[in-house]
Structures are given as C-alpha cells and as structure tokens.
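In: this is the structure alone, sequence omitted:
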C-alpha cells in the first residue's frame, strides 16, 4: 500500500510502500529521522472513528 509520509523533524514529504500490516520504519531521505508506522493500528483507529460517526444515524 503506497503512503505519503511527512517528516515531523524537517517537513520533507516522501513516498513509502507498506507491504504488510506489521510495523515499518522509514528513515527520512533528507534528515535521517526514522518514522514508524503500523498499518494495523492505523486501520483499527480509522474503523473506530467510522463506527463512532455512523452510530447515531
């Protein structure tokens, strides 16, 4: 799954590809700071928000 990632240290935006729902570490190509993403956690958070918004309808 392709993602666009913004480095919170230098502000550079770069593309990364997640190949599974495991935790992935992506070093920023500009400053080297490592950004960590967990696709499973992001998906669970999105599902929770969607459930909360559609509950009242």
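Out: Yep, it's here. Only a predicted model underlies this, so the values are computations on that prediction, with no experimental measurement involved. Numbers count the residues shown, from 1 in each chain.
In: now do the buried residues in the host helix or strand of residue 50.
Out: Per DSSP states H and E, residue 50 falls inside helix 39-55. By neighbour count with 16 or more other CB atoms under 10 Å, helix 39-55 contains the buried residues residue 39. Every residue, glycine included, has its C-beta placed from N, CA and C.
In: the nearest residue to residue 40 once chain neighbours are set aside and residue 29, how far apart?
Out: Of all residues not flanking residue 40 in the chain, residue 21 sits nearest, at 3.9 Å (CB to CB, 6 or more residues apart in numbering). Here the criterion is CB to CB, to the nearest Å. By it, residue 21 lies 24 Å from residue 29.
In: who has more neighbours out of those two?
Out: residue 21 (14 against 10; other CB atoms under 10 Å).
In: check contacts around that one.
Out: 38, 39, 40, 43 (CB atoms under 8 Å, 6 or more residues apart in numbering).
In: in this structure, which residue is closest to the centre?
Out: Central residue of the chain (CA atoms, centre = their mean): residue 37, 4.9 Å from the mean position.
In: quick one: which helix or strand includes that one?
Out: Using DSSP H and E, residue 37 falls in strand 34-38.
In: ok, that strand: who's next to it in the sheet?
Out: The strands that strand 34-38 pairs with in its sheet are strand 23-27 (antiparallel) (by DSSP bridges).
In: just the buried positions in the strand it pairs with, please.
Out: Quick answer for strand 23-27 (16+ other CB under 10 Å): 24, 26.
In: could you tell me the angle between that strand and helix 39-55?
Out: Interaxial angle of strand 23-27 relative to helix 39-55 (axes from the mean of the first three to the mean of the last three CA atoms, to 10 degrees): 110 degrees.
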